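Participant: starting from these lines, generate the structure:
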Amino acid sequence: RWARWTSFVPVTRRRWRDLWPTLKFYTFLRRDPPPSVGHNPLAGLSYVAVFAFYLVMIATGLALYAPHTAGGSYMRWFGFLVPLVGGEQTARWLHHVVMWLLLGFTVHHIYSATLWSHVEADGTMDSIVTGNKFVSREKLAQADDSPGDK
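Facilitator: Numbering: from 1, shown residues only. I've put the predicted structure just below:
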C-alpha cells in the first residue's frame, strides 16, 4: 500500500498540501515533519524528476553515441535523437548538466534519508536491509489518506 505510484506521485489533496511543510522541514524552517508512512510527498515528486532525468540521460547518451558508431551497428538507429535534443553540442551540455543534477540528488538523498531517520526514529534506514519499519498507530492514523482527501 505504501509503495504504490500514488504513494510516490502526489495525487491526493493531502499529499499536495504536505509538500510545503515537508520542504520547510528539510530547510529547517519547521521542527517536525508532516506525518507520512511511505515516502513523503516531496520525496515522491523528487523521484518523478529523477526518472525524467534518467530518460534525458539515456536519450542524450544515445544521441551522442549514435553518430560515431560503425556503419552497420544497430546503435546508428538512435541517430534520430540528435536533432530531437538540439544537436550534438546541446546533447553534450544536457548530458553534463543532468549528470551533475543526479550527483547532487544522490548527496541530498543521503542527507535527507539520514535526517528523516534520525528525527522520525522509525527504522527508515534499517528498513533498507530488514524490510521492517516501526510506525505507531497514531502516526499511521494521521498519515492515512481519508476518502475525502482523494
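Participant: secondary structure element holding the most centrally placed residue in the chain?
Facilitator: Residue closest to the average C-alpha location in the chain (Cα atoms, centre = their mean): residue 47, at 1.5 Å. Taking DSSP states H and E as the definition, residue 47 sits inside helix 41-65.
Participant: just the CA atoms of stretch 47-56, as CSV, please.
Facilitator: Below are the C-alpha coordinates for stretch 47-56, written out as CSV (Å, rounded to 0.1, in the frame of the first residue of the first chain):
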residue,chain,number,x,y,z
TYR,A,47,11.7,10.7,-7.7
VAL,A,48,9.4,11.6,-10.6
ALA,A,49,12.0,14.3,-11.5
VAL,A,50,14.9,11.8,-11.2
PHE,A,51,13.1,9.3,-13.5
ALA,A,52,12.7,12.2,-16.0
PHE,A,53,16.4,13.0,-15.6
TYR,A,54,17.2,9.3,-16.3
LEU,A,55,15.2,9.5,-19.6
VAL,A,56,17.1,12.6,-20.6
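Participant: could you point out which element follows the helix ranked longest in the chain?
Facilitator: Under DSSP state H, the helix in the chain containing the largest number of residues is helix 88-120. Counting by DSSP H and E, the next helix or strand C-terminal to helix 88-120 is helix 127-130.
Participant: for that next one, packing partners?
Facilitator: With contacts defined as 3 or more Cβ pairs under 8 Å, 6 or more residues apart in numbering; DSSP states H and E, helix 127-130 has no helix or strand neighbours. Quick note: C-beta positions are derived from backbone N, CA and C, even for glycine.
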